[in-house]
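> Prediction below, plus the sequence it came from.
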Amino acid sequence: AARIRCSSLKFSRQNADILLAAMGAEGVLALIFIILALLIGARFLTSYHAIFYSLNVLLFSVFSLSVTFCISMIGVRAEVLNMIGTVSGLGLSFLGGIFVPMELFGDSLLKFVQLIPTYWYVNALRLLEHEAVLENSMSELLLSLGMQAGFAVAFVAIGLVIGKVKRR
């Protein structure tokens, strides 16, 4: 970290390079999984649903990377990062409806979980389960995808602010 800070690259360029490298690695992994999925179920992946499923997964991965970037800007040890990742990942999964069906949530909890990106990820998956998604709920699907992208942008911005403040 000290070598990176004393380099001749500007702070914004350093962070852009870090983000682009992480996004590139994510893109390669996503491409591997898409190729594997083509080998297993090529018929399904030729439907329009496959585009939205892939986009949903990519956007949620970008969100996860943005959270990682934000937390890494704080500059904590690897053990602490693992603890934060485990606790926050499980918490977001439970509240977002990944482990627990949202039908079990009360009305007030449902309103709260809309502030969590995993809710929008699961919501997009639920919308894509139905065949008539493009005709009936395309705007809701795009809202779910947009919310995930918005959360990702927000966490990158927070990480940049934290990094800038720590650098001074």
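Alright, I've got the coordinates. These numbers come from a predicted model, not from an experiment. Numbers count the residues shown, from 1 in each chain.
> Now do the same for residue 8: helix, strand or coil?
With DSSP: H, G, I helix; E, B strand; the rest coil as the basis, residue 8 sits in coil.
> can you list contacts of stretch 78-88?
With contact meaning Cβ atoms under 8 Å, 6 or more residues apart in numbering, stretch 78-88 is reached by 67-68, 71-72, 76. Placement of C-beta: from N, CA and C, glycine included.
> separation between residue 10 and residue 32?
From residue 10 across to residue 32, the span is 33 Å (Cβ to Cβ, to the nearest Å).
> what comes up buried for the lengthiest helix in the chain?
The residue-count maximum for a helix in the chain (DSSP state H) belongs to helix 11-45. If you call a residue buried by 16 or more other Cβ atoms under 10 Å, then helix 11-45 has these buried ones: 15, 18-19, 22, 34, 45.
> Please identify the buried residues of the helix or strand following it?
Using DSSP states H and E, the helix or strand that follows helix 11-45 in sequence is helix 48-74. Judged by neighbour count (16+ other Cβ under 10 Å), helix 48-74 contains these buried residues: 49-50, 52-54, 56-73.
> tell me the angle of helix 48-74 relative to helix 11-45?
150 degrees (axes from the mean of the first three to the mean of the last three Cα atoms, to 10 degrees).
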